[in-house]
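Trainee: sequence below, structure please.
(chains A and B)
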Amino acid sequence: MRAGENAGLCGRVRALIPNGPAILNTERLLALYRTMARIRSFENAAEAASRGGVVVFGSDGASAQARVRGPLHLSTGQEAVAAGVCVNLQPGDFLTSTHRSHGHTLAKGGDVRAMMCELFGRSTGTNGGKGGSMHIADFSIGMLGANGVVAAGIPIAVGAAHAIRIRGGREIVACFFGDGAVNRGPFLEGLNWARIFNLPVLFICEDNRYSATTPTGLMTGGEGAAARARSIGLPAQVVDGNDVLAVDEAAARLAGCARAGEGPQFLHAITYRVKGHVSVDPASYRDVIEVERAIEQDPLRLAERKLRERGVSEQETARMRAEADAEIARAVESADAAPWPEAASAYTDIQDCGAGTWR
Amino acid sequence: MNYSAAACLALQEAMQSDNRVVALGEDVGRGGVFGQYRGLQQEFGAHRVIDTPISEATIMGAAVGMALVGLRPVVEMRVADFALCAVDELVNQAAKNRYMFGGQGRVPIVARLPGGIWGASAAQHSQSLEAWFAHVPGLVVVAPATPADNYALLHAAIACGDPVVYQEHKELWGFEGEVPAKHRVELGRASVVRSGGDLTLVTWSREVHSAREAAERAQKLGISVELVDLRTLWPWDRDTVLASCARTRRLLVVHEAVQVAGFGAEIAASVAEALGIRVRRLGAPRIPVGYSRPLEDESRLGAEKVLSAITEFVGERGRNAAVQSD
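Mentor: Residues are numbered from 1 along each chain as shown, chains lettered A, B, ... in the order given. Presented below is the predicted three-dimensional model:
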C-alpha cells in the first residue's frame, strides 16, 4: 500500500454516506482488516528478526544473527486501535506516537519497506538508521515521531495543534499514548492546554493494561484515563479497543468533532498487550488464563467473525493475510539487502550552528 | 536602552518581519516578569504572544510541536531553574528531534532561561546552568552581557534553525547601554572587550562587567588584561580565544556558575591541550545560593574576587619564573 491509500479509501467510502455515523459496510471492514493484517505481519516479522538482539540477563550477549537490535516494542494484539483511529485521519493530519508505534505509523500510510529498513538500521530507513524502532517518524505522512519517553508525545501533539490553530488550518492531530502515560505530568498539562486553547487534538489512550511489566491498574488512582480527561473538560469515550468497528465508530465521531472546531476529544481504547514489554520479555509475570482470554478476543479474530456474518469467506481473509505476509516479507528482504549508513552520517543532522564536532 | 528593552525590541522586530515567530510563556501578555515582552501582546495579539498555564513541560513541548508544523516559537521559562521542569522536552525532544528522525524536521525554538543570582531569591531562582546545556548535542547556548548583544543575539537566535538556549541574566535587565540600530552579531563569535598582553580573561554574562572593572584596576597595578566576552557558549569561539591566549600565554576563565564541571573547565582544558599554557578558573563554590546576604555573597564573584584571581595568577607566574631562574 502506498502512503495515503488508507485515507483515500476512507474518502471514497465516506462519499457514499457523507454524513452518516460510522460506516459499517463490508468494504470498510475489509480495509480495516487488511490494515490490521499488515500490522500483524509487520510485528511478527520484526519479532522474528529481533531474536537475540537484546542482551538478556544471564545470556552471553546479543547474537550476531539478530537483524533488529535493541528494544523492540510490539503492538501485536493492539492492531484495532491503530487501524480504527487512523482510518479516520486525512493525509494532512498529524500523528504523534509512543515507543510502540509501528501500527500507528503503518495505519497512517507509512511505507513498510522504509519502516523495516529503519528497524534493521539501514540508511534507507525512515530515519536513515538514526532512530530505530523506538523513534520511527515519517513527516511526509504527518507522522511526527515515535517517542522513547512515556507521555512525551502529548505536549508535542498539543503544540502541533496549536500551530494549526494559529495558522488557521483544518487539520487535526491524533495523539497516541499508553495507559502508563496517564500517570505522568505532561498528560495533565497537555490535556489542560488543549482544553483552554480549544485545540483540534484527538487523544487516544491505547490501554494495553501494562506499564512496562506492572499492571497499570495497580498504579493508577481514581476511575482511570477517561475520567481524568472528563475532569479537565474533554469529552471522553471508552471503547473495546479490540473491536475495530467500535474504535472506528468512536474515532470517526471524535475526529469529526475535533475537525469541526469543538476542541480536544478523548478516546480510551481498552486492548491487551499480547507480547511482553519488549520482544525479549516473556511476560511470565502475567496470569496464563488472563493471556488466554485476551487471545480469544484477538482483534483480527473478532473482525473475521464479523466478516463471515457479512458473507466474506475464510479463503478471502486468508488471502488477505497471505498478501500482507508477502508484502512484509518483501520489506524484510529489501531491508536485508539495504546499505548500512556511512559512519560519517553520525555527524550530520545534529545542528546547523556548532554541528557534529568533538569540540 | 536597557537590557530588557533591547530584547523586547529585537523580538518586536522579528515578529514584525516574520509572522511565524510567536512567543509563549507564563505572564508574557502582561509584559513578562522582567518587562522583556512589554507591549508585544497589544501589538501582535494573544494568539502570537501566548499566555500559558504554569506548565513548563508543555510550554517547551508545545513549542517543539509548533516548530515542527512551521512556527518559530520563542519560549519563556521565567527563570532557568524552572526550565528543569522541561528538561525532557528540551534535551530529549527539541535537541534530539532532527538527528533521531534522520533530518526530517527542524526545531527552531529559542528557549529563554534567565539565569544567574537574583538578589535574595535563594537556591531555586539563582542558578547558572549553561554548562548543562552546552553538554547536549543539538543545542546552541547563548549568554549575552550587554543591551547591544541582547538585541543582536536574540535576533540571531530567532533566525537560527536550531534550538537555542538563551540565557539572559536576571540582574542585568536594568543595565543601560547603547544599542545601535540594526546591530547584528553572528552566533559563535566572541567579543574582545579590551585588549591586553599579560593575561587572557574569558568570561560571559554578568561577569563581563565584573571582569571589566577588575581589568581596569589591574591595569593600575601594571597588569594588562585582554578581556574576551564569549557571548555564545556553544559553539564557542575557539579561534578568538586561542589567538589571544597564544599571545598572552595565560588564561583565566571566570563564570558565575559553580566552578566544578562548569563550562570554564572545558575552555581551560581545550586551551591547555592546544597551547600547553597555564590556565586558571574562577567560578562559584559548589554550594547552593543562600538567601541571607552573607550566604549569597559567598556565591557571588564580582570585581574584587576577579582582581584577586588576576593578581594571584600573574604573581604566581612571576614567582615560578624566579624559582626557575634560581
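
Trainee: looks to me like A:F266 is in a strand.
Mentor: Yes: checked against DSSP: H, G, I helix; E, B strand; the rest coil, A:F266 lies within a strand.

Trainee: can you get me a residue count around the closest residue to A:I141 other than its chain neighbours?
Mentor: Ranked by C-beta to C-beta, 6 or more residues apart in numbering or on different chains and with sequence neighbours excluded, the top spatial neighbour of A:I141 is A:G109, at 4.6 Å. Yep, even glycine has a C-beta here, placed from its N, CA and C like the rest. Neighbour count of A:G109, defined by other C-beta atoms under 10 Å in any protein chain shown: 23.

Trainee: now B:A86
Mentor: 25.

Trainee: phi and psi next, for it.
Mentor: Recorded main-chain torsions at B:A86 are phi -120, psi 20, according to degrees, to the nearest 10.

Trainee: tell me which helix or strand the residue nearest to A:I141 sits in.
Mentor: Applying DSSP states H and E as the criterion places A:G109 outside every helix and strand.

Trainee: hmm, it is touching A:P91, no?
Mentor: Yes: here A:G109 reaches A:P91: they are 6.9 Å apart, a contact under C-beta atoms under 8 Å.

Trainee: so where do the helices sit in the chain?
Mentor: I'll assume chain A. Remark: helices assigned in chain A by DSSP state H are A:5-16, A:26-50, A:79-86, A:102-107, A:112-119, A:153-167, A:185-196, A:225-231, A:244-259, A:288-296, A:299-309, A:314-337.

Trainee: nope, chain B
Mentor: Counting by DSSP H, the helices of chain B are B:3-17, B:40-44, B:56-68, B:87, B:95-100, B:130-134, B:147-159, B:207-220, B:238-248, B:263-275, B:293-299, B:303-325.

Trainee: so the residue nearest to B:A111 when sequence neighbours are not counted bridges to which residues?
Mentor: Nearest residue to B:A111 in three dimensions, chain neighbours excluded: B:V75, at 4.7 Å (C-beta to C-beta, 6+ apart). Counting by DSSP bridges, B:V75 forms beta bridges with B:L24, B:A111.

Trainee: what of B:T232?
Mentor: As for beta bridges, B:T232 partners with B:V142 under DSSP bridges.

Trainee: ok so, going back, pick the most buried one from the helices of chain B.
Mentor: Burial of the helices of chain B is given as mean neighbour count (mean count of other C-beta atoms under 10 Å in any protein chain shown); helix B:56-68 ranks first at a mean of 30.

Trainee: lowest-confidence helix or strand of the chain?
Mentor: Using chain A. Counting by mean pLDDT, DSSP states H and E, the weakest-scoring helix or strand in chain A turns out to be helix A:5-16, with a mean of 33.

Trainee: residue contacts, B:M60?
Mentor: Counting by C-beta atoms under 8 Å, 6 or more residues apart in numbering or on different chains, B:M60 makes contact with A:P155, B:V75, B:M77, B:A83, B:A86, B:E89, B:L90, B:Q93, B:A94, B:I109, B:A111.

Trainee: closest to A:L119 among these?
Mentor: B:Q93 (21.9 Å; C-beta to C-beta).

Trainee: thinking again about what came up before, tell me which of the helices of chain B lies nearest to A:A346.
Mentor: Nearest of these to A:A346, taken as C-beta to C-beta: helix B:95-100 at 9.2 Å.

Trainee: now that closest one: average pLDDT?
Mentor: Summarised as a single mean, pLDDT over helix B:95-100 is 98.

Trainee: chain center to it: distance?
Mentor: Relative to the centre of its chain, helix B:95-100 is centred 23 Å away, using C-alpha atoms, centre = their mean, to the nearest Å.

Trainee: buried sites along stretch A:214-234?
Mentor: Judged by neighbour count (16 or more other C-beta atoms under 10 Å in any protein chain shown), stretch A:214-234 contains these buried residues: A:T216, A:T220, A:G224, A:A225, A:A226, A:R228, A:A229, A:I232, A:L234.

Trainee: how deep is the residue in the stretch 201-326 of chain B that chain A sits nearest to tucked in, by neighbour count?
Mentor: Nearest to chain A, among the residues of the stretch 201-326 of chain B, is B:P235, at 2.9 Å (C-beta to the nearest C-beta). Neighbour count for B:P235, taken as other C-beta under 10 Å: 18.

Trainee: what's the closest non-adjacent residue to it?
Mentor: The nearest residue in space to B:P235 (C-beta to C-beta, 6+ apart) is A:G354, at 2.9 Å.

Trainee: which residues sit in contact with that neighbour?
Mentor: Taking C-beta under 8 Å, 6+ apart as the criterion, A:G354 is in contact with B:V140, B:L187, B:G188, B:W234, B:P235.

Trainee: the closest residue to the third one other than its chain neighbours and B:A152, how far apart?
Mentor: This means B:G188. Using C-beta to C-beta, 6+ apart and skipping the chain neighbours, the partner closest in space to B:G188 is B:P235 (4.4 Å). B:P235 sits 17 Å away from B:A152 when distances are taken as C-beta to C-beta, to the nearest Å.

Trainee: ok, back up a step: now do the contacts for the residue of the stretch 201-326 of chain B closest to chain A.
Mentor: By C-beta under 8 Å, 6+ apart, the contact set of B:P235 is A:C353, A:G354, B:V140, B:L187, B:G188.

Trainee: could you do A:R330 as well?
Mentor: A:R330 is in contact with A:R113, counting by C-beta under 8 Å, 6+ apart.

Trainee: and the pLDDT at it?
Mentor: At A:R330, pLDDT is 98.

Trainee: same question, A:G52
Mentor: pLDDT, A:G52: 73.
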